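Trainee: Predicted model and sequence below, questions to follow.
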Amino acid sequence: QVQLVESGGGLVQAGGSLRLSCTGSGRSVMWLDMGWFRQAPGKEREFVAVIRRSGGSTFYADSVKGRFTISRDNAKNTVYLQMDSLKSEDTAVYYCAARFTAINRSVTTVTDYDYWGQGTQVTVSS
């Protein structure tokens, strides 16, 4: 079993920055694909970014590419999402997700992840 706890959300003005953290327990995050998703009110949960367990490659949604950076600190068993140049449309609850296996699975599909955190609210004021 893997438990995930997010932190770092809050209220920020447009153009500002926030860093989200996702701390795992039960397994080392270095053995997991770790993803960030978000869900705005009235919308479906959507993919934001992932860092792969094999080699640490990263992949981003087009909407955040160049503004958000995902990284991993294996010693702290924590994955981060650095969010810069925030826009009002980035307002959402952000969720951390994890999975052991990626075989026949998509990095962007919600149902292809096995473990989820409780979410942290990010609000960007314009």
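Mentor: Here it is on my side, so go on. What you are looking at is a predicted structure, and each value in this text was computed from that prediction instead of being measured.

Trainee: Torsion angles phi and psi at residue 123?
Mentor: When read as degrees, to the nearest 10, the backbone of residue 123 gives phi -120, psi 120.

Trainee: How about the contacts made by the residue lying closest to it once chain neighbours are set aside?
Mentor: Using Cβ to Cβ, 6 or more residues apart in numbering and skipping residues adjacent in sequence, the residue nearest residue 123 is residue 11, 4.7 Å away. C-beta: built from backbone N, CA, C; applies to glycine. Residue 11 makes contact with 123-125, according to Cβ atoms under 8 Å, 6 or more residues apart in numbering.

Trainee: Could you look up the SS state of residue 11?
Mentor: Following DSSP: H, G, I helix; E, B strand; the rest coil, residue 11 is assigned to strand.

Trainee: Nearest spatial neighbour of the residue positioned nearest the centre of the chain, chain-adjacent residues omitted?
Mentor: Nearest residue to the geometric centre of the chain (Cα atoms, centre = their mean): residue 36, 1.9 Å. Counting by Cβ to Cβ, 6+ apart, residue 36 lies nearest to residue 48, which is 4.3 Å off, once chain neighbours are set aside.

Trainee: And the pLDDT for residue 88?
Mentor: On pLDDT, residue 88 comes in at 97.

Trainee: Surely residue 9 is in contact with residue 96?
Mentor: No: contact criterion Cβ atoms under 8 Å: residue 9 and residue 96 do not qualify, at 11.3 Å.
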